[in-house]
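Undergrad: Return atomic coordinates for the entry below.
(2 chains)
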Amino acid sequence: MNFSRRETLALGLGAAAMGFMPFRVNAAVDDAVAAFTGGSDMADAGIDLTAPEIAENGNTVPISVDAPGATSIIVLAAGNPTPGVATFNFGELAGSQMASTRIRLAGTQDVVAIAKMADGSFAKASSTVKVTIGGCGG
Amino acid sequence: MISRRDFLQASMAASAIVGASGFGNWSRLAAQQALTQDQLLEFDTFGNVTLIHITDIHAQLKPIYFREPEINLGVGDARGQVPHVTGADFRKLYGIEDGSAPAYALSYNDFAALGKAYGKVGGLDRVATVINSIRAARPDALLLDGGDTWHGSYTCYQTEGQDMVNVMNALKPDAMTFHWEFTLGSDRVRELVEDLPFAALGQNIFDKEWDEPSEDFGSYEIFERGGSKIAVIGQAFPYMPIANPGWMFPEYSFGIRDERMQEMVDEAKGEGADLIVVLSHNGFDVDKKMAGRVQGIDVILSGHTHDALPEPVLVGETIIVASGSNGKFVSRVDLDVRDGRMMGFKHKLIPIFSDVIEPDKEVAALIDEQRAPYLDQLQEVIGQLDMDSVLYRRGNFNGTWDDVICDALISEREADIAMSPGVRWGPSILPGQDITREDIWNVTSMTYGKAYRSEMTGEFIHVILEDVADNLFNTDPYYQQGGDMVRIGGMGYKIDINKKQGERITDLTLLKTGEAIDPAKTYVVAGWASVNEATEGPEIWDVVESHIRKLGTVSTSPNTSVTVTGI
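TA: This next block holds a predicted model:
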């Protein structure tokens, strides 16, 4: 296991706030999705979201999105107190419709990406990223 | 017309029926006390390519005892599937007779008695003999090391892995991948890797800053063997900075990265590879999932979870080979590679019975040379094991070695509760055996072995157990970080492995008072192997040595503090 006394005390506070359960999708996520899609249906195909299964560091999690033909991609961290991460807009002359960034995750949760296509349709991808205390690997 | 898939499955079935793995035959031979080196190595050379796989040696240069797990639970799709089958069920599955040599090598029952009868296992000088014998039949056989080689012993710690590099180089591997090696620190790893006379591979070893493949390691290497091109793709342990201290190798990022694995498979095929081999430190369940997601892998040589399987497991058209740990086994895989694809295979898991296989003289001398400067330290007897106990670690929950370590932490560090990491390495000790300093280091040696003492609330202890349990019992193998359950001393609990995170662990009890753990109360916890930088405390091997010295004779009792349900 893995705790210095100092870090344990710090972690203890974090853990108390964090609780056990993966973060639930909150109402702010539904609102953000509705604002972006206007309530339209979303296809499962057409957007790729790449994220680690287990974050090496929850404070800086590398993710990338790729949705050929998209005009706009929104990224949400469904379990963060403020779920909105980024909106990427692509002009007509964009060579590709992909983007990568690093995001901060408050705990284990789903990262959601939704693409708006040129024809006005939407595609959605989501991926669970686990944020763990770590240690004990053997 | 027989499809490739039918052929592979027919091969599998045939090997099960005629005992191509040799297991059916050993039982009788062993019973007649006629087990010989020739029989262990007997193999009708097949096809045009041979792979030799060894993995998770954990720096065990000399023969040791190693008890296989009694409890190895699978969840989700892995429930009841190999390698999550142990003991009598395992023997029944593979047709192994009770009390036979393979029963001793592959299951835990009657370990003390069978250990006395069949002796120690492993020893890299014996492994050298096996490799030489395979190379005599197939001179261009590929030797592939699955990693966890430069970690796990007194001499490996003192020489920062140099002893293992020196001895492994004498065996002439063709490629290697990595896990615990990184706990030597990234400077030392680069220093050793730069001088390796073979390929250092890991397609998932990334430069953390730029999130690009690291320039310090190759992704794959193509070898021409038997008229075919064999691509060996490396897959390092995916969860290095999570399971081990990331601050020791801050430049690197890992992860499963199966999209990139697919790209590497396609790229190697584009370069004319006829056969795709993945040299993996994923762990068995992750390899099984990856085999189903990445198209075009012919063979996965699986490491990390220390499973030893007498036959490969087939996923689609991919065979997965698991070759045990601690130098106890070597796998030989012969392949018929024709027309740009694998047409068939023949496999044997060769147990290294150290009393049966003759040591290679040159490698034996080289091993003794590595140990000579430290021999007095290594051989000092610290205590004895009583006549009724076996010390072992491997298994999902506390082994007896873990109980001794937790007792040492509680008594030497004056703690209420002890935590010891659920690592899978560490050889076993038979009844009545002396316990030497080397034995203690074999189960504790690491570059972050400080024994901390700290205060934790009952709630936080619960959070830790839930967190670790999810890393072991998450139904999706990609969310398992490897390693067994954290070992606990001084506290009992119940675990339902089929529940979700936050609901698995209940009934935490402080054993010394019999009282329930109070979430709001603070307890003194001693542990070791913290992944946090600047952890303070004595080295764990000194704590355990001091404890065993005081005890004189170590005895163990059945540990009933953990109740497991949902099996």
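Undergrad: shaky segments in chain B?
TA: B:1-34 (pLDDT under 70).
Undergrad: Then chain A?
TA: A:1-25, A:135-138.
Undergrad: can you tell me the helix or strand for the residue minimising distance to the centre of chain A?
TA: Geometric centre of chain A, nearest residue: A:V111, 2.5 Å, by CA atoms, centre = their mean. Using DSSP states H and E, A:V111 falls within strand A:109-117.
Undergrad: Can you identify each of the strands in the stretch 51-200 of chain B by residue range?
TA: Counting by DSSP state E, counting those that start in this stretch, the stretch 51-200 of chain B has strands at residues B:142-145, B:175-176, B:199-200.
Undergrad: Can you get me a residue count around the closest residue to chain A within chain B?
TA: Nearest residue of chain B to chain A: B:A243, at 2.0 Å (CB to the nearest CB). Yep, even glycine has a C-beta here, placed from its N, CA and C like the rest. Counted with other CB atoms under 10 Å in any protein chain shown, the neighbours of B:A243 add up to 27.
Undergrad: picking that back up, mind checking which of the strands of the stretch 51-200 of chain B is nearest B:G303?
TA: Nearest to B:G303 among these is strand B:142-145 (8.9 Å), distances taken as CB to CB.
Undergrad: Where do the helices of chain A begin and end?
TA: A:5-18, A:27-37 (DSSP state H).
Undergrad: quick one: the strands in the stretch 301-450 of chain B?
TA: Going by DSSP E, counting those that start in this stretch, the stretch 301-450 of chain B shows strands at B:313-315, B:318-322, B:329-338, B:341-351, B:381-385, B:417-420, B:434-436.
Undergrad: re earlier: list the residues that contact the residue nearest to the centre of chain A.
TA: A:49, A:51, A:61, A:63, A:75-78, A:85, A:103, A:105, A:126-129 (CB atoms under 8 Å, 6 or more residues apart in numbering or on different chains).
Undergrad: Now narrow these to whatever sits close to chain B.
TA: Among the contacts of A:V111, the ones lying near chain B by CB under 8 Å from any CB of the partner chain are A:T128.
Undergrad: If any of the contacts of A:V111 are buried, give me the PyMOL selection for them.
TA: If you want just the buried ones from the contacts of A:V111 in PyMOL, going by 16 or more other CB atoms under 10 Å in any protein chain shown, the selection is:
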select buried, chain A and resi 49+51+61+63+75+76+77+78+85+103+105+126+128+129
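Undergrad: between the contacts of A:V111, which is nearest chain B?
TA: A:T128 (7.5 Å).
Undergrad: Let me have the strands of the stretch 51-200 of chain B in TSV, extended by mean neighbour count.
TA: As requested, the strands of the stretch 51-200 of chain B are arranged in TSV below (neighbours: other CB atoms under 10 Å in any protein chain shown):
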stretch	mean neighbour count
strand B:142-145	24
strand B:175-176	26
strand B:199-200	22
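Undergrad: Which of those sits closest to B:V299?
TA: With CB to CB as the criterion, B:V299 lies closest to strand B:142-145 of those, at 9.8 Å.
Undergrad: picking that back up, in strands only, show me the contacts of A:V111.
TA: If you go by DSSP state E, the contacts of A:V111 have A:49, A:61, A:63, A:75-77, A:85, A:103, A:126-129 in strands.
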